[in-house]
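Q: take this sequence and fold it.
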Amino acid sequence: MRHIYLIIIEFIFLFSFNSCAITEADDPVIVSGTITDSYGAGLGDVTVQLETTLGTEEVITNSNGKYTFNLPSGGTGSIIFSKDRFTTQKKTIAFAGGSNKVINLQMKTLVEDSYFDINAKDLSFSKIGGEVFATVHTNMDYEIEYKSDWIICSKSASSIIIKYDTNYTSEERKATVLITTQYGKTITINVTQEAGPPLAITDYLGKDNKTNFCTNIPFIAFSNVATIASVNSSISGLNLSVKYSDEKKTAYFPNIILPAFTPAKITYSAESPTGEEKVTGQFDIKAYTNCVNTGSSISQKVLFTKDSQYFWVQTNTIGGTSLIQYSSNDMSVTGNISMPLNRYSTVSYNRYNNCLYISRKNESKIDIYDATNGQYIKELDLSSYLNGSSVYEIEFLENGYGLMLVNNLLYYINSADNNKCGLFPNDASLVDPNNPAKLIVKTIATCNKGKTFVLTDKYGEINKVFVIDSYSKSMTSYYNLRDYYFATSDEYFGVILGSSNNITYIDFSTGLKYDIASNYVGNRASILITGEKLPTILTSVFSKISIKDGKQNKFESNAPLSNIYPSNDGKTVVITYNNTIYLFNQDLFTINSYKIK
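A: Numbering: from 1, shown residues only. Just a heads-up that it's a prediction; the model follows:
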């Protein structure tokens, strides 16, 4: 019995112990505390939210900042403290059954907890434009303000971006960037950019067509002191030695000598004295002003207007004839006249009325056009004078009086007298002595400011030259010349005659002849206007010959040149070569001839 009693007592003891352990875990829990501000005062109206596995409870602190939660049992969870304009805080907690958990907390306002950190206060920029990134750490919104127009500021998630222009001025410049946060905090960034300008190319030969090779030494101008580090040319053998201006801001290439018809591309690199700044560039140089390829042509004729502002080019090809007007300044196309196939024979310019006279084939009619704008003016019907024959050559003097070659007859036409027409007064020297009905004159030209006609008797071998005054119609003759070609100019009262190895100039005012022996006569020539008493000529084998002193300059070229046409004012020369029309400044063949090969 006593043994059974002890067993019962032990069982009761164990049962009582186990019952006490279960009850403590499930005992109620009190979670409480006091919320204060940064000065230690109780903070009322704080929302305290407790989230546990049993659910969510929420209380509001009293005016002293106190709060209390009564929970049925222990466990874990999180507690969140929030109040308008204060920083919300969250804590993770664990509480045992039957315990009294105290959680006190100090809360700070959003302003007190706000922060704005940037890794830039004062910034210095180089004179060359770019951008910088300033890293920002903040928990606030903010705005950026700036007034200087040479910077642009923007913001991303974690930085402020400041873009700045290149400083082309010679002064250091400053700017201020003001950052204002949502709570009124301000941060100032002071920006300074070094004085400019940066190393840059400001000008070079041919830029904007303001300079050209004929009248200027090839050059490159820089914004600052610079040296040429390297320079190359598309044409081998050019002398690219450099000379600098006194201020070292311009590099010159004074020893470049160009082929007349081949442009060169100059490429270069330059750097500042320290080598920190570098620039590269290129420019094209050419001896001629401009050129136009006309394709495969049979012949071409160039006619300058009286003021030399324009010139007309008649081009004959197998497919037809074109008549195009160009500017003497840059050879831009400024007009054209339709030339139907096989309709016209020759084009002449009348300086008296500034008109083009275009003769029709197989008709005694001439179409007249305004030489300035290419507008059609009228048809001139000369059938009653010419008996249906067509005009194959016509030239006018400055007073409007003209001569025409028509079917072995020489006619006059007076544009100053309503284009009155008739046979030119007969002169025995103008006809074949063995055949009085046959005119020996084959070509007509003018000289002496358009006051004098010059007629020759043959195309290939000139024996006679006839000189006719524009007013008196008196004629002077020169015989036994035996030359291949002739050339006249408004600037001179005379004629150039070329033979196989000799150039002759006849001065009509004195009757004197000047002979120059030469191997560079060619098969045609033109007179350049130099202002000298005696002319200088440019021949088809691309040679310059002075009648004054006999000096001869043979330029390098795959001659022969097809035609050479100087303007009336002596400023430009049109040369046709290899089916291309080239416009040159005439000085290139006179005072600046040393610049071309």
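Q: helices of the chain, start to end?
A: 2-25, 110-113, 383-386 (DSSP state H).
Q: mean pLDDT lowest for which of these?
A: Mean pLDDT is lowest for helix 2-25 out of those, coming in at a mean of 43.
Q: next, the distance between the ends of stretch 347-356.
A: 7 Å (Cα to Cα, to the nearest Å).
Q: report the rounded mean pLDDT for that stretch.
A: 96.
Q: which of the residues in that stretch are buried?
A: 347, 348, 349, 350, 351, 352, 353, 355, 356 (16 or more other Cβ atoms under 10 Å). Where you see a C-beta, it was placed from the backbone N, CA and C, and this is true even at glycine.
Q: reformat the residues you listed as a markdown table; add distance to residue 50.
A: Shown next, in a markdown table, are the buried residues of stretch 347-356 (distance: Cβ to Cβ, whole Å):
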| residue | distance to residue 50 |
| --- | --- |
| 347 | 108 |
| 348 | 113 |
| 349 | 109 |
| 350 | 112 |
| 351 | 111 |
| 352 | 114 |
| 353 | 111 |
| 355 | 109 |
| 356 | 106 |
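Q: farthest-separated two in the residues you listed?
A: 347 and 352 (16.2 Å; Cβ to Cβ).
Q: domain map for the chain?
A: According to automatic domain parsing, the chain comprises the domains 25-111, 114-193, 201-285, 290-528.
Q: of all these, which lies closest to residue 591?
A: Of the domains of the chain, nearest to residue 591 by Cβ to Cβ is domain 201-285, at 9.6 Å.
Q: and the average pLDDT for the closest one is what?
A: 94.
Q: ok, the residue lying closest to residue 492 once chain neighbours are set aside - how many residues close by?
A: Of all residues beyond its chain neighbours, the one nearest residue 492 is residue 535 (5.3 Å), with distances taken as Cβ to Cβ, 6 or more residues apart in numbering. By other Cβ atoms under 10 Å, the residues close to residue 535 number 26.
Q: likewise residue 274?
A: 6.
Q: I'd say residue 291 and residue 582 touch.
A: Yes: counting by Cβ atoms under 8 Å, residue 291 touches residue 582, with 4.7 Å between them.
Q: for residue 31, what are its contacts?
A: 50, 68, 69, 71, 79, 93, 95, 101, 102, 103 (Cβ atoms under 8 Å, 6 or more residues apart in numbering).
Q: ok, what's across the strand from it?
A: Residue 31 has these beta-bridge partners by DSSP bridges: residue 69, residue 101.
Q: tell me the pLDDT of it.
A: The predicted local confidence for residue 31 is 95.
Q: quick one: it from residue 319, how far?
A: 107 Å (Cβ to Cβ, to the nearest Å).
Q: gap between the residue nearest to residue 492 and residue 516?
A: According to Cβ to Cβ, residue 535 and residue 516 sit 11 Å apart.
Q: what's the neighbour count on the closest residue to residue 544 other than its chain neighbours?
A: Leaving aside its chain neighbours, residue 544 sits nearest to residue 553 (4.4 Å; criterion: Cβ to Cβ, 6+ apart). Residue 553: 16 surrounding residues under other Cβ under 10 Å.
Q: residues in contact with residue 553?
A: 543, 544, 545, 593.
Q: equivalent analysis for residue 412, please.
A: 401, 402, 403, 404, 421, 422, 423, 424.
Q: going by neighbour count, which of those residues comes out on top?
A: residue 404 (27 neighbours).
Q: pretty sure that residue contacts residue 410?
A: Yes: Residue 404 lies in contact with residue 410 (Cβ under 8 Å); the separation is 7.4 Å.
Q: bridged to the closest residue in space to residue 120 that isn't next to it in sequence, which residues?
A: Of all residues beyond its chain neighbours, the one nearest residue 120 is residue 134 (3.9 Å), with distances taken as Cβ to Cβ, 6+ apart. Residue 134 forms beta bridges with residue 160, as assigned by DSSP bridges.
Q: just checking, residue 134 touches residue 155?
A: No: taking contacts as Cβ under 8 Å, residue 134 lies outside contact range of residue 155: 9.5 Å.
Q: what's the overlap in contacts for the two?
A: With Cβ under 8 Å, 6+ apart, residue 134 and residue 155 have common neighbours residue 161.
Q: neighbour count: the two, which is higher?
A: residue 134 (18 against 14).
Q: ok, that one to residue 206 distance?
A: From residue 134 to residue 206 the distance is 44 Å (Cβ to Cβ).
Q: fine, thanks again, bye for now.
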